Each structure stands twice: as structure tokens, then as C-alpha cells.
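S.K.: Everything below, folded, please.
(3 chains)
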Amino acid sequence: MMALLTVNNLCTTFSTPEGVVRAVDGVSFSLERGEALGVVGESGSGKSVTVMSLMRLIATPPGRIESGEAIFEGRDLLKLPEANLRSIRGDEIAMIFQDPLTSLNPFLTVKRQLTEVLETHRRMSPKKALTESIHMLELVGIPSPAKRINDYPHEFSGGMRQRVMIAMALLCRPKLLIADEPTTALDVTIQAQILELIADLRHEFGTTVILITHNLGIVAEVCDHVAVMYAGKIAEYGKMGEIFVRPRHPYTQGLLRSLPRLDEKRAARLESIVGQPPDLTLLPTGCAFHPRCEVKSEHCLREFPSAVRFGDHHYAHCWHAEDRS
Amino acid sequence: MFRYLLRRLLGAFFVVVGITTFSFFMIRIAPGGPFDSEKMPPPEIMRNLEKKYHLDEPLMLQYARYAKDVLVHFDFGPSFRYPERSVNEFIDLGFPVTLRLAIYSMIIAVLIGISSGLIAALYQNSRWDYSAMAFAMLGVSIPDFVLGPLFQLIFGLKLHWLPIAGWDGANFYVLPSLTLGSMYAASIARLTRGGMLEITRQDFIRTARAKGLSERVVILRHMLKGGLLPVVTYLGPAAAFMMGGSMVVEKIFDVPGLGRHFVNSALNRDYTMTLGLTIFFSAIIVLFNLIVDIAYTFLDPRVKYE
Amino acid sequence: MSSIAAVSDIQLEKKSSLWLDAWCRLKKNKMAMVSSFLVVAFFLLAIAVPILSPFPIDEVHYDSIGMAPNTLHWFGTDILGRDMLARTFYGLRISLAVGLTATLVSFAIGVVYGAVAGFYGGKVDALMMRFVDVVYGLPYMFFVIIVMSVFGNNILILFMAIGAVSWLTMARIVRGQVLSISQKEFVEAARSCGVRNRTIIFRHLIPNALGPIIVYTTLMVPRTILVEAFLSFLGLGIQPPQASLGSLASDGASAMDLYPWLILFPGVVLAILLFALNYFGDGLRDALDPRMKK
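M.R.: From the prediction side, this is the model:
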């Protein structure tokens, strides 16, 4: 079966007063239909910029997509004319953003913001769009949706707002749903509900999902594949189970050790990765992770590691990936 | 909503009461009475005059009488300089003229200001942006009383397109309205640009684009309302300034408006007239500000009337 | 006490780099630099020209009435044969003096009012700011005119009257700054060490609120100059034999068809001055608050 989305060697740069920064530096991955990919990394690792580049939502300037291709059902998203891309956005590929308070337009009712999607992509009459929107709100668990749809975003609670965002994204039954840290701005209890909702809806509609987060625990709940990003590059990629059981990259291993585990008998001390996330204007040579790495060698300082494969769907960019398991 | 309106109206009323009180005592505590600078009339006439204007009564009684006349009966009393005419007569004659001038100027300011501000914001850092903003800065910097004569010189005396003075029909309205409106057009252009650029940076605009909306819909539906809010806020103070500006423009173009009467009353020391017109203009401005505030609560759903 | 000193040292260090950054940004802004040069040039001309000019500003020459600009009288002469170059720059001098003094008055009132409101907060703040809100909506020009007509056309009264009506925005800005800064740790530190309220206001709060205050003060100068010119144009400001750019323009406007240069030169000088001051103020704001730009 052909992949739904194949990204090859994506590079995105930002020009800043300190110089040009490579926020995304040669990212490649591919996504099968129905798959759910979790993209994990610290802030500044380039995970958000990667998906924003796919949708061409990077502010230009200062941002610029330097190179690469993103083949979505045979069309290269990065080279498509703006008008064609627009008909894909919100229809075939939809997005959910981090903060539902700032991501919904405060000046427009929820009704206006939902129905306009259907009116644009499905050419629905306002009346039909309204019925459809109310139905979708009901599906994402908004109580008395027929009434609430006339409210403004600030009249909803944080969790409800994110549900509205999700409803908005799912209106056209997109083939690909990109969720950019959808739970970061929410309370912990609400986070779980929203994740559950995304997981449920994914199975119901068979939607392919890219979930961006800095929290491996969240990935475990929703995704079947994981890409770990560091300093604009994919450090390790693999099936959820494999990554969790046999992580190969020291960075992934560090991330996993910093997760609280329920199965530990004793209250084990949580470890954190030493050092700070890298400054993109002053990237270390070779493997950007080496200043924080426990197993670094001379080689790591000189050259970025090529991919080391472990089976068909698991690779890590680390010179010492094989020695460690 | 109704309670909010009532409370705001009541508040506005008290502001007008405050202005009346302040202006009244301001004028009365002035060193020297109204007749000081002129030659003194004979004592019996003086007494009659004092009786007519109730100047023989204690100050507090005078104040109470005046406040009641003004606030209850909307009666500003007789003019001091032209005793046979009342201040209300001047208002009846002059205010429609000033109001018309102000409305035309405001329309010009809003039309020119918003459209050039939008162009500047949508083509940010382009040649259009720079020239629109340089023009706006020029507009802010050239005072009415320089611009007005300049217009008269160019469009009146040199080109003979438009009359340079008077108020007898549509072609007489053009130059005064343009003169009065230009400075506000410039300010509105700058505010529009700033507001729109602020909105462009918002997350919800990214959402709107991610939804695949056309650029036209993104701008008209998602950006315009929030982007123009600063302009709406500005309209209140702008109206207040415009009432002041109309004094100058009415003088330059010899427009028989209320601003001229106000300036003349100040120059002639026509105290009751100065006092009455100050209260009248202030009341108008307070009312206008109230309307702008209420309009704002409709435009920005986040603002609750409390 | 030493801990407080240390805290304010850190604060100072941060500040100096802030000012340095701002200066670098300002230097790059060509229009702002040209404007500041123009403002300085006008200042110098306003001082020098009336002194250096061979024609005293009030010397009447009946043999040179209403002369167009020529090599002897660069800006022409007025209907009393007075040299317009000398008069224009003398008027500029008065305009600048009024602008600066009135700005100073409103600066003082606004800073004190805003700092007090922001510092005490709560009910005091609410009441004080409500008053500002109410007065803000009033047509202050009328009150200035009342004051001018009641107290007579005295230049000192003019300074005071203009200053007294233009402090409102300053008070708002200062209050906002103080409110945001007084939440910060170093004020807590000072307070916990028992430093007196007045000391906190003047040593800690005001210096830290300086950026926006400087910007607004710069932008207030052209505004007060404009108000003065406006009043003088109406005959309610500067009185003869003194002259400001506004009163010169007023004289010129009445004889415009015959002697257009009488309004042209004072008007153009005033417009350039205001333009330069506005541009400089804008540039300063962009430099001090880079977030506002773009």
C-alpha cells in the first residue's frame, strides 16, 4: 500500500538577528494510512516547525522552507500552487493547535468558525453546515451543542475549547490530522479526556494522525509510531513498542528514564537528562547531542551519525546505537 | 444590558454635572468681574445688568439657579455681550453647521484612514506601506491652520475649483471637511495599520489559514473586526479633538458654526456664552463617547457590560 | 541593605545593555536619525537666528513692506516691513519654549499621579484612574480656552493650562509600568527589608518605568507645540508683540492672497518641526520596545 505522506529531507530555516537558524534539518519519514505517529522532542527541537512546514504555515520571512519534498497522495505539498494547497488545508489535512484560547478567533462565534469550514470545502448551505457542525460538537462531547454553538470561544472552559478545536478539525473528515501539543495548555485531568477523545475519533474515522508532544507518556496513549527529534533532526524512529522496550539512542533512553513508571515497586528516583536543550544558533559539531551524552566518543564530535537500522521500521542516528540495548 | 445602559447614562449625567460645576466656578473665581476691562457703565445700568444676570445674589444661589436652568431646562440663559439674544439661539443656528462639518470630516477621515491603513498593513514593508505611512506622518504633522490656507491657495485661488470661504452648498463643504478630516485620517491610518499587524500575528489567524480559508475571508472575516478595534476606541477622543479643530477650520473658511461663536465669546469675554458652549460641547462629547463605548461592547464579545 | 544594593546593581546592568541595544537600533533607523538632526538644527537656529539676524524681529520698515523672498530678506517681509526670517525663528523659539515647558509640567503631574495610583493600587488606584478615564473623554481645548479667557493671555498661564490638560496619558502609562514592575522580585526584596514607600517609588519604580515614559514625553512635545500654535492661531495664545509660529501663521492667513509667504514659512517650519519630532519619537519607541515593531 502506498504511504499517505512521505517527507524527504525537509529543511526549514529562520533568519534571526544572530544568524540563520536551521530549525528543521533534513527530516524524512513516511506515514501509512491509519497510522498514528508521535513526534517527540524538547522545545526548539523542530517538531512544530516540521508540521508547520508541511502545511506551509511558516511565516515567510523570517522562515523559509529551503528544500525537501512532502508527497501527500501523489502531490508535493511544498510545491503545490497556493490555491490547491488551500483546498487541502482544513479538508484533507486538518490541524489542532496547542492553546485553544488563542487559536480560536475571539471575535467570532463558534458557529461561524465551524460552519465556514464546511461552506468553504463542501460548498454546503449555511443551514446544512449548521446541522453538521452541531452534530460534530455532539460527537466531541459538548453538552447541548445546539445552544452552545452560538457562544463565543471565551465562554467555554479550556477543555471544552479544545473539543471545539477538534470538532473544527474533523468537520471534513480529514485523511490526516495534525495535533500540535493539543494538551499542553490544559489541566492534567482534562488532558486525559482530550487524548482519549483523539484516540476514539481516530479509530472511528480511521484518521491518520501526527501528534506532536514533548511528553513520551502522551505518545504511548495514542500513537503506534514514534519519531524522537533533537536539534532539527530525527534522532530515533520506530514502532511504539520497540522504542519503549528497546530504545537505541541515548537521548530516547534519557527521555524514557525521566518518565514516572507505575510498575516500579520502589519509588525510584526520576532521572533527568543533564544539560540544556541546544542553542540552535551555536549547534555543537557532529552529533548535536554529544555535550549531554554519556556514551559519546571522539567520533561523535566530528561527524553526524548515519542511520543504524534495527529491523524494517526502527533506526537511530547514533554511532553507539549497536553497543547499547 | 438595560441596567448597564442606565448606569452608563447616569454616569454620563454626573460627568456633565461635574463639568457644569467646574466651569461655572472657574469663570466666577476669575480675578476681576466681567466689566472690569471695559469702561464702567453708569451705576443704575450696572444694577440693572447685575439683576438681569443675577450677579447680585450670593454665588451659591447663582450656581444653583444656573445648574437647574442648564441641566433641567437645557436653558443656557442670555448672552452676556448680546443681552437680547440667548445662548440657545446661537446653538440652534450654529450647531447644525458644526455637526455637518464634523460628520463630513469624520467620514473622510474614516474612509481615507482605514483604506490606506489596510493597504499599508497588507503590503507591509512594501513601497505602498512606506508611502502611506510617510503620508500619514505628514498628515499628523501639518496643522489644520497650515493645511487650510494651503488648500485655499491651491484649489481656490490658483485652480479656481472650489470656493475658499462660506457655507452655501456642497462645493463649499469640500475644503473645510478635507482640512478638518486629514489629521484624523492620518491617525486612523496609523491605528489601522498597527491593529491589523497585531492581529496578523495572532494564533487564530494561523488557525484560519490552516482551515484552508481564502485570503479574502481571512482578512475580511477574521482580521478586520479585531484589527479595527483600536480605531473604534480612537473615535471618542477624535470627536472631542474635532470639536476643537472645528474652531480653527470655521475661522479659516468663514463657516458660521458654533466653534466660531465659542472663540469669539472667549475673545469678547462673553462669559455666559463661553460657559454655556463649553457645557454644551462637553455634553455632546460625553454622549458620543458613551455611544462609542456601547458600540465597543458589541464589537468585542470579550468585553462584558458590568 | 547590601542585598538590595546587589539587586539594583543587577537591574542596572540589565538596563545599560537595554539602552545600548536601543541605541544600536535607533542608529539603524535612518529617518529617526535625520529627524533628530533636524530637531537639533532647529533648536540651534531658534537660538541663533534672532541674535545673528541683521534685522531685529520687531523693527518696522515702511520702505520694505510685504516684500517677496529675496536675497536680502530670505523669507520676505510682512506688512509692517519686518524680516520674516528673524520672526519665524523667533516664533520657533517661543513655540519650542512653550512645548518644552508645558511638556515638563504635564510630565511632572502625570508621573507623580500615575506612580501614586500604581503603587498604592486597590481602591485608590481604581478611583484615580476612573477620574482619568472621565476627564480623558472631555474636549480639553475648551477648558484651556476658558482658562485663557478668564485669567488673561499670560504666557505662564499658557504653559500651565496646556500642561495641566495633557498629563492624562502619561499618568496611564506610568501607572501601567509601575503596576507591572511592582510585582517583580526586587521590589519585594526592598519592601521586605523595610525600605520606606517613598524611597521605593523614587529609587526603584520610576527608574524602571523610564523607557515608555521617555518615548511618550518625546511624543508629547510636538503635541503641546501644536496646542499652543492652535490657541495662538485663534488669538487666544501668544499675544503681540510676542509671536509664535501659530500667531505668525494666523497673521499670514489673513493676508494669504497677497503675501502667501507670510503663512508659508512659519507653516512649513512648524510642519517640519512636528514631523521631525513625531518621527524621532516613533523611532525611539521602536528602538526601546522592539516588540512593538513589525
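S.K.: Might one say that residue C:76 is in contact with residue C:84?
M.R.: Yes. Using CB atoms under 8 Å as the test, residue C:76 is close enough to residue C:84 to be in contact (5.1 Å). Using the backbone N, CA and C atoms, a C-beta is placed for each residue, glycine as well.
S.K.: Counting neighbours, go ahead and name the busier of the two.
M.R.: residue C:84 (26 against 21; other CB atoms under 10 Å in any protein chain shown).
S.K.: what's the neighbour count on the nearest residue to the more buried one once chain neighbours are set aside?
M.R.: Spatial nearest neighbour of residue C:84, chain neighbours left out: residue C:75 (3.7 Å); criterion: CB to CB, 6 or more residues apart in numbering or on different chains. Neighbour count for residue C:75, taken as other CB under 10 Å: 22.
S.K.: and the helix or strand where residue B:11 lies, what does it pack onto?
M.R.: Using DSSP states H and E, residue B:11 sits in helix B:2-28. In this structure, helix B:2-28 makes packing contacts with helix B:59-73, helix B:271-299, helix C:140-151, judged by 3 or more CB pairs under 8 Å, 6 or more residues apart in numbering or on different chains; DSSP states H and E.
S.K.: Can you list the residue ranges for helices in the stretch 1-150 of chain A?
M.R.: Along the stretch 1-150 of chain A, the stretches classed as helices by DSSP state H, counting those that start in this stretch are A:47-54, A:82-88, A:100-103, A:110-121, A:126-139, A:145-148.
S.K.: most packed of those?
M.R.: helix A:47-54 (a mean of 25; mean count of other CB atoms under 10 Å in any protein chain shown).
S.K.: Looking at that helix now, give me its mean pLDDT.
M.R.: Helix A:47-54 shows a mean pLDDT of 89.
S.K.: So for the chain, the centremost residue is which one?
M.R.: Reading this off chain A. residue A:212 (2.5 Å; CA atoms, centre = their mean).
S.K.: should've been chain C
M.R.: Nearest to the mean C-alpha position of chain C, by CA atoms, centre = their mean, lies residue C:221 at 1.4 Å.
S.K.: What does the pLDDT read for that residue?
M.R.: Residue C:221 is given a pLDDT of 89.
S.K.: Assign it to helix, strand or coil.
M.R.: Secondary structure assignment for residue C:221 (DSSP: H, G, I helix; E, B strand; the rest coil): helix.
S.K.: any idea how far residue B:82 lies from chain A?
M.R.: 52 Å (CB to the nearest CB, to the nearest Å).
S.K.: Skipping adjacent residues, who's closest to that residue in space?
M.R.: Sequence neighbours aside, residue B:270 is the residue nearest to residue B:82 in space, at 7.7 Å (criterion: CB to CB, 6+ apart).
S.K.: The one you found: how many residues sit nearby?
M.R.: Other residues within reach of residue B:270 by the criterion other CB under 10 Å amount to 23.
S.K.: Next up, the contacts around it.
M.R.: By CB atoms under 8 Å, 6 or more residues apart in numbering or on different chains, the contact list for residue B:270 reads B:79, B:80, B:81, B:82, B:264.
S.K.: What's the PyMOL line that selects buried ones from those?
M.R.: The buried subset of these, as determined by 16 or more other CB atoms under 10 Å in any protein chain shown, is captured in PyMOL by this line:
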select buried, chain B and resi 79+80+264
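S.K.: Cool, thanks, signing off.
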